[in-house]
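Visitor: Next one to model:
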Amino acid sequence: MTVAIYLAHLNPVTNAHVEIIRELKQESTVKVMPVRFLDGKQEINSRSFPFDFETRKEMLVSVFGDTIEVSSNYTFHAPFWRYFPPILSPYSWKLRSSILSGISGEYYTYTGDRTEGMMLKAYRLNPRVGARKEISASSVKNKLYDAAQGKDSDWKADVPEEVAKIIEDRWDVVKKYSAAQDMTTRIAGMKFPKAGLKTR
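Guide: Numbering: from 1, shown residues only. Take a look at the predicted model:
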């Protein structure tokens, strides 16, 4: 069966992510890869990326159980400048090899972003570009941060019940980042933590 590789932030997992994965499961074996940023063995989190990999994996498993595979192969290792410029950097091709590790036979990568689709095509990752969903993880994060600051928020309407419970269990993380500055920078259309950029 064809493998659908879903590369995403999933921070947090929303109803839109669940809808996408369910659609992919109808015709493919699904391998979800929440992005990680590591400095040595330490994961870098921030206001943009509040939940660590294990928490996001727990969110996915709470909804899908063992009907999907959750992989940590989509990992950037500090210093992140080594992955640029795209295509020319050998580290970016090492990341591609990591993403495809353990995958044999037919596969494709899914994205809802046309620009990202062009990049995935350049890396010969067989992209399929789907339609963007109404709910974005960024909008849900903003609602979470509003709630943590005592404002009215309907964030629970945008995530599965199982995921809402996991978020409530880690409300200290939400509160921590609700008052924090966004310590990320955008490079080639993707956000990276400033802490691990370590410019030349």
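Visitor: which stretches of this structure have low pLDDT?
Guide: For the chain, residues meeting the criterion pLDDT under 70 lie at 199-200.
Visitor: Assign the residue of it most remote from its centre to helix, strand or coil.
Guide: Distance to the chain centre peaks in the chain at Gly150, reaching 27.0 Å (criterion: CA atoms, centre = their mean). Secondary structure, DSSP: H, G, I helix; E, B strand; the rest coil: Gly150 is coil.
Visitor: ok, so what distance separates it from Thr2?
Guide: Plainly put, Gly150 is 47 Å away from Thr2 if you go by CB to CB, to the nearest Å. In this view, the C-beta of every residue, glycine as well, is placed from N, C-alpha and C.
Visitor: Then Lys31?
Guide: Computed as CB to CB, the Lys31 to Thr2 distance reads 11 Å.
Visitor: what about these two, which has more around it?
Guide: Lys31 (22 against 12; other CB atoms under 10 Å).
Visitor: Quick check: can you name the pairing partners of the helix or strand hosting that one and their directions?
Guide: Using DSSP states H and E, Lys31 falls within strand 29-34. With DSSP bridges as the test, strand 29-34 is paired with strand 3-8 (parallel), strand 69-70 (parallel).
Visitor: Identify the residues contacting that strand?
Guide: Under the criterion CB atoms under 8 Å, 6 or more residues apart in numbering, residues 1-11, 21, 24, 53, 56-57, 60, 67-74, 99, 103 lie in contact with strand 29-34.
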